[in-house]
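1. give me a model of this one.
(2 chains)
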Amino acid sequence: QKEVEQDPGPLSVPEGAIVSLNCTYSNSAFQYFMWYRQYSRKGPELLMYTYSSGNKEDGRFTAQVDKSSKYISLFIRDSQPSDSATYLCAMSFNTGGGNKLTFGTGTQLKVEL
Amino acid sequence: DTAVSQTPKYLVTQMGNDKSIKCEQNLGHDTMYWYKQDSKKFLKIMFSYNNKELIINETVPNRFSPKSPDKAHLNLHINSLELGDSAVYFCASRDVNSPLHFGNGTRLTVT
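-> Numbers count the residues shown, from 1 in each chain, chains lettered A, B, ... in the order given. Purely as a prediction, here's the structure:
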């Protein structure tokens, strides 16, 4: 069993839809949770960064962390074709230099006109 | 300005060859990484250097040897390339209070 599980998709939604992307994890020591977006032939870029449980909102994006269930989510409101990309969840034990991120396998999202 | 730059962007080579990938960051970060992304998009850390010192070395075959001449550069040399080495290799950097910044990857194909 992988430390971080993520449905690979692909997930196809119409423009304007609300998208829900999820990851589950097995190691309760993870404290920092991130979502990265990766466009084709590009490197991942950070979208959202949260510490411990709770919600964080940034524009059309909301990240949720439920540590009791070992479950994190990313919601995208009013999805746009430009949101079409692979979304990777990532988590770490600490934020200090030298820590390593453990990634999910990514969910491929396509937003259609 | 490109924050984390890798060269080459594409690398096609035959089994048994030795090749190098170079990475440079202009963000002033102390820590640099090499990640490998397989065909299923799974990203796995290989190495991490902090201020030219190796701090993370995952279970990577010793055919892979990272070298950091200074804190802005982290190169990856691969000896005796194998078919299974085909992947996209990402360089990344970060500081204590910054997120991980990735380069755009080097797509390695071993034939």
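2. what about A:Val111, how many residues nearby?
-> Burial of A:Val111, expressed as a neighbour count using other C-beta atoms under 10 Å in any protein chain shown, amounts to 20. For the C-beta atoms, the positions are set from N, CA and C on the backbone; glycine is no exception.
3. that one: what's its closest spatial neighbour, skipping adjacent residues?
-> For A:Val111, ignoring the flanking residues on the chain, the nearest one in space by C-beta to C-beta, 6 or more residues apart in numbering or on different chains is A:Ser79 at 4.6 Å.
4. and that neighbour, how far from A:Arg60?
-> If you measure A:Ser79 against A:Arg60 using C-beta to C-beta, to the nearest Å, the figure is 8 Å.
5. which of the two has more neighbours?
-> Shown here are A:Ser79 and A:Arg60; by other C-beta under 10 Å, A:Ser79 has more neighbours (21 against 14).
6. assign B:Gly84 to helix, strand or coil.
-> The three-state label for B:Gly84, taken from DSSP: H, G, I helix; E, B strand; the rest coil, comes out as helix.
7. what residues are up against residue 78?
-> No chain in the question, so chain A it is. The contact partners of A:Asp78, taken as C-beta atoms under 8 Å, 6 or more residues apart in numbering or on different chains, are A:16, A:18, A:60.
8. let me rephrase: I mean chain B.
-> Residues counted as contacts of B:Ile78 (C-beta under 8 Å, 6+ apart) are B:18-21, B:63-65, B:85.
9. repeat that for B:Val12.
-> Residues counted as contacts of B:Val12 (C-beta under 8 Å, 6+ apart) are B:109, B:111.
10. what pairs with the strand or helix carrying it, parallel or antiparallel?
-> B:Val12 is located in strand B:10-13, with elements delineated by DSSP states H and E. Strand partners for strand B:10-13, identified by DSSP bridges, are recorded as strand B:106-110 (parallel).
11. just for chain A, where's the confidence low?
-> A:1, A:95-99 (pLDDT under 70).
12. again, 50 this time
-> Within chain A, the set of residues satisfying pLDDT under 50 comprises A:96-98.
13. give the helix, strand or coil label for the closest residue to chain B within it.
-> Residue nearest to chain B within chain A (C-beta to the nearest C-beta): A:Gly43, separated by 3.2 Å. Reducing the assignment to helix, strand or coil with three-state DSSP, the entry for A:Gly43 is coil.
14. would you map the strands across chain A?
-> In order along the chain, chain A carries the following strands (DSSP state E): A:4-6, A:11-14, A:19-25, A:32-38, A:45-51, A:54-58, A:61-66, A:71-76, A:85-92, A:102-103, A:107-112.
15. list the contacts of the residue lying closest to B:Asn50 once chain neighbours are set aside.
-> Closest residue to B:Asn50 in three dimensions, ignoring its sequence neighbours and counting by C-beta to C-beta, 6+ apart: B:Thr31, at 4.7 Å. With contacts taken as C-beta under 8 Å, 6+ apart, B:Thr31 has the following neighbours: A:97-98, B:48-51, B:55, B:93-95.
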